[in-house]
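Asks: Attaching a predicted model along with its sequence, questions to come.
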Amino acid sequence: MRVITGLARGRKLRTLDGNDVRPTTDMVKESMFSIIQFDIEGRSVLDLFSGCGQLGIEAVSRGAREAVFVDKSKQSAAVTLENIKSVGFEDKCKVYNKDYAAFLSGCGQKFDIVFLDPPYSTGILGQALSKLDNVLKDTSVVICEHPFGEEMPDCVGNLNLYRNYKYGKLAVTVYKRGDVDG
């Protein structure tokens with residue numbers, strides 16, 4: 001696994017061994033970043049269920065101002081921190097070893113871009129979507145990775161479904177806050 005482009009282009013990232021973490025493939029990651037390519041520069045990013053941190057690191061590499069990583073697994077948080085250090089982004093990144101709900105309920109920060117890639121088929125994705133309102137800005141974009149076929153709601157709180165994309169057995173659903181015409 002590697003950083004695709006930007007300041008840390010080509011740098012390898014470590015992931016956890018085993019099946020507990022399922023890193024986003026390069027093809028899906030490249031597609032996600034194509035969707036938001038004009039929305040990254042100078043923005044704040046939340047990588048919820050960060051795994052090894054590759055989505056937030058990719059965002060910082062492409063010009064995001066900062067990234068916050070949240071994962072309840074101590075091993076995932078440690079690997080994320082190791083990857084951040086390996087690409088030299090310590091000054092732009094924070095890692096929290098917390099449950100997503102505890103983080104969201106106590107977070108005083110608002111984010112422009114949120115990546116959600118929780119464990120599949122657990123119901124956590126819908127729960128996390130419903131708890132995001134207090135961490136979103138008026139123009140926030142939320143990108144969800146999930147198994148193709150998992151039903152995603154048209155709206156959740158102030159988030160409206162913008163687009164769905166299919167990549168084999170995976171799907172990416174994009175939500176925007178407010179008007180989704182543009």
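Replies: Done, it's in. These numbers were taken from a predicted model, which means no experiment stands behind them.
Asks: what comes up buried for stretch 125-139?
Replies: By neighbour count on 16 or more other Cβ atoms under 10 Å, the buried set for stretch 125-139 is L125, G126, A128, L129, K131, L132, V135, L136. All C-beta spots, glycine's among them, are computed from the backbone N, C-alpha and C.
Asks: and the first one, helix, strand or coil?
Replies: When classified by DSSP: H, G, I helix; E, B strand; the rest coil, L125 comes out as helix.
Asks: picking up where we left off before, could you tell me which of the buried residues of stretch 125-139 belong to helices?
Replies: Among the buried residues of stretch 125-139, the members falling in helices (DSSP state H) are L125, G126, A128, L129.
Asks: Looking at these, which two lie furthest apart in space?
Replies: The two members of those with the most space between them (Cβ to Cβ) are G126 and A128, at 7.4 Å.
Asks: excluding its backbone neighbours, what's nearest R163?
Replies: Setting aside the residues directly before and after it, R163 is nearest to V174 in space (Cβ to Cβ, 6 or more residues apart in numbering), at 4.8 Å.
Asks: Also D133?
Replies: In space, and not counting its chain neighbours, D133 is closest to G157: 4.6 Å by Cβ to Cβ, 6+ apart.
Asks: how close does the one you found get to E150?
Replies: If you measure G157 against E150 using Cβ to Cβ, to the nearest Å, the figure is 19 Å.
Asks: Over to D117?
Replies: Noted for D117: a distance of 13 Å to E150, by Cβ to Cβ.
Asks: Can you pick out the residue with more neighbours from these two?
Replies: More neighbours surround D117 than the other of D117 and E150, with 25 against 15 (other Cβ atoms under 10 Å).
Asks: Now do the contacts for that one.
Replies: Shown here is D117, whose contacts under the criterion Cβ atoms under 8 Å, 6 or more residues apart in numbering are T24, L48, F49, G51, L55, C144, E145.
Asks: In terms of pLDDT, where does it sit?
Replies: You'll see D117 listed with a pLDDT of 91.
Asks: May I have the phi/psi pair for it?
Replies: phi -140, psi 70 (degrees, to the nearest 10).
Asks: how many neighbours does R43 have?
Replies: One way to gauge burial is a neighbour count; for R43, by other Cβ under 10 Å, it gives 21.
Asks: Just read off the phi/psi values of it.
Replies: With angles defined as degrees, to the nearest 10, R43 shows backbone torsions of phi -90, psi 160.
Asks: That one is in contact with A64, isn't it?
Replies: Yes. At 5.2 Å, R43 and A64 qualify as touching, with contact defined as Cβ atoms under 8 Å.
Asks: Between the two, which contacts overlap?
Replies: I113.
Asks: L159 and A8, how far apart?
Replies: 30 Å.
Asks: oh, I was asking about E150
Replies: Separation of E150 from A8 (Cβ to Cβ): 31 Å.
Asks: List the contacts of the longest strand seen in the chain.
Replies: With DSSP state E setting the assignment, residue counts place strand 136-147 as the longest strand in the chain. Contact partners of strand 136-147, identified using Cβ under 8 Å, 6+ apart, comprise 24, 28, 32, 35-36, 39, 110-117, 120-121, 125, 129, 132, 152, 158-159, 162, 169-178.
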